[in-house]
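Asks: sequence plus predicted model, see below.
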There are 2 protein chains.
Amino acid sequence: MKYNLIIVDDHKMFLDGLLSILNSENDYNILLTAKNGKHIAKYLEINPDEKIDLIITDITMPEMDGIALNKIVKERKSNIKTLVVSMHNNPDMIDNLIEHDVDGYVPKNAEKEELLKAIQTILGGEKYFSREIKDIYMENKFSKKKNEEVKLTQREIDVITLIAQEFTTQEIADKLFLSKHTIESYRKNLIAKLSVRNLAGLTKYAMKMNYIQE
Amino acid sequence: MKYNLIIVDDHKMFLDGLLSILNSENDYNILLTAKNGKHIAKYLEINPDEKIDLIITDITMPEMDGIALNKIVKERKSNIKTLVVSMHNNPDMIDNLIEHDVDGYVPKNAEKEELLKAIQTILGGEKYFSREIKDIYMENKFSKKKNEEVKLTQREIDVITLIAQEFTTQEIADKLFLSKHTIESYRKNLIAKLSVRNLAGLTKYAMKMNYIQE
DNA sequence: ATCAATATCCCTGAAAACAGGGGTCTTTGT
DNA sequence: ACAAAGACCCCTGTTTTCAGGGATATTGAT
């Protein structure tokens, strides 16, 4: 009996690569491929009883990315394993995935052999993370300890986002229906919390955290 | 007689994808694959007389990226065609490639058929760019006209870099052995030139231009 | 030789940011 | 039930930014 796999990736050529690797193995049956997580989420909803063993997914995809997909799968269908194959090694993404019980993570520049090993390991019930990914995860956890878990409230995120979008204090106050003084307080707290010196530091933080895109 | 191709990409799995696509065609002989442009540049140097028809390359790679590789190939071996296959659609990268006579550009999310068409077109002596890439290129040229080529002097780059690194005006003045007033003038000019509103805008520009990494 | 671009410096006044305090009220967890 | 955390507001005084005008000296290209 073959394992049923689903592959999600918005890069056609990469998909072809994965397919050619997996088709040369006999144990895997590719149920479905898709360009984004939304298709898969829908599919799982419509076919609740189908036996699906593993979903292999990229991270950056239009509409619904791999982070969101993994979250949904683990919340609704925790018996389905998930393996992320991505070229991104953003520590926060990795952290998010691991917190949401992803079963494995292999970078896209990994050897074919490692990918197959990851799949086998995961289907065997264990987790598989590439050395590189483990290192990034640990490094991140370690340095987070030093920074003493800087966590912003939603309101603070609102304010820092607007600051990074080049709005003045008064404009932000108007937008949020708050007093100018309140915004000044938030800015002051943000600068202290994030250990930066001024607007430039706040802006960089906002970019790093993807509060703004530009 | 087969065409001799070289493929450069640091993502093993993607390489496998390309190989499986191209091996199923009979016209192509894959001479060599590599993980970065440096290997290829070396290879071309050592084997100056080998008949090479086309180099297919990614853009982001360690050591020597696709931009640099294309430049070198076109400068030293202009008879070798180059095709970029990348998921990046940064207008400046595309612009750079086209200025340096790249023969084609196909995004990684293109269909297999489009890739093959691109290769055939290029080997036939014409250029091939995906609709998407052409659009980005034209859009960029068009909007550049509007923005009237914002070009910063080296000194301005120095100043904006330090600003984005969170230094105060006085600190920047000290570092550059200039008066505080001079830095203020530079900042004023930068804000005008770049059509931004404040430090946040300057910081974002500096990041976009890679003046700072963080 | 000359002209444009660049680099440098200065001033004023208004607006904004910043440091460092103060506070109330509501929500949330235990 | 009560403490902690968050959201919200205010004040004073200093520093910095920003818009708007200047100016001069050097350099590079035509």
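Replies: That came through fine.
Asks: up against DNA strand C, what does chain A have?
Replies: Counting by Cβ under 7 Å from any atom of the strand, chain A comes close to DNA strand C at A:168, A:169, A:170, A:184, A:185, A:187, A:188, A:191, A:197, A:198, A:199. Backbone N, C-alpha and C define where each C-beta goes, glycine included.
Asks: so how do I select the buried members of these in ChimeraX?
Replies: Selection of buried members from these for ChimeraX, criterion 16 or more other Cβ atoms under 10 Å in any protein chain shown:
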select /A:169,187,191,198,199
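Asks: dump the residues of chain A next to DNA strand C into JSON lines; add pLDDT as well.
Replies: Compiled in JSON lines, these are given as follows (pLDDT from 0 to 100):
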{"residue": "A:168", "pLDDT": "88"}
{"residue": "A:169", "pLDDT": "90"}
{"residue": "A:170", "pLDDT": "88"}
{"residue": "A:184", "pLDDT": "90"}
{"residue": "A:185", "pLDDT": "90"}
{"residue": "A:187", "pLDDT": "90"}
{"residue": "A:188", "pLDDT": "89"}
{"residue": "A:191", "pLDDT": "88"}
{"residue": "A:197", "pLDDT": "86"}
{"residue": "A:198", "pLDDT": "87"}
{"residue": "A:199", "pLDDT": "87"}
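Asks: tell me the one among the residues of chain A next to DNA strand C nearest to residue B:208.
Replies: Taking Cβ to Cβ as the measure, residue B:208 sits nearest to residue A:199 out of those, at 16.5 Å.
Asks: list the contacts of the closest one.
Replies: By Cβ atoms under 8 Å, 6 or more residues apart in numbering or on different chains, residue A:199 lies in contact with A:163, B:198, B:199, B:200, B:203.
Asks: and the residues you listed, which of them are in strands?
Replies: Judged by DSSP state E, strands contain none of those.
Asks: near DNA strand D, from those?
Replies: B:198, B:199.
Asks: and the two most separated of the contacts of residue A:199?
Replies: Checking those with Cβ to Cβ, the most distant pair is A:163 and B:203, at 10.6 Å.
Asks: what do the two both touch?
Replies: A:199, A:203.
Asks: when the two are compared, which one has more neighbours?
Replies: residue B:203 (29 against 26; other Cβ atoms under 10 Å in any protein chain shown).
Asks: wait, what's in contact with that one?
Replies: A:199, A:200, A:203, A:204, B:163, B:164.
Asks: report the two of the residues you listed separated the most.
Replies: Using Cβ to Cβ, the contacts of residue B:203 span at most 11.4 Å, a distance reached by A:204 and B:163.
Asks: look up the closest residue to the residue of chain A found nearest DNA strand C, ignoring the ones flanking it.
Replies: Nearest residue of chain A to DNA strand C (Cβ to the nearest atom of the strand) works out as residue A:169 at 2.7 Å. Of all residues not flanking residue A:169 in the chain, residue A:183 sits nearest, at 4.8 Å (Cβ to Cβ, 6 or more residues apart in numbering or on different chains).
Asks: do the same with residue A:39
Replies: residue A:8 (7.6 Å).
Asks: coming back round to it: give me the distance between the residue of chain A closest to DNA strand C and residue A:186.
Replies: From residue A:169 across to residue A:186, the span is 9 Å (Cβ to Cβ, to the nearest Å).
Asks: tell me who's in contact with residue A:176.
Replies: A:158, A:159, A:162, A:183.
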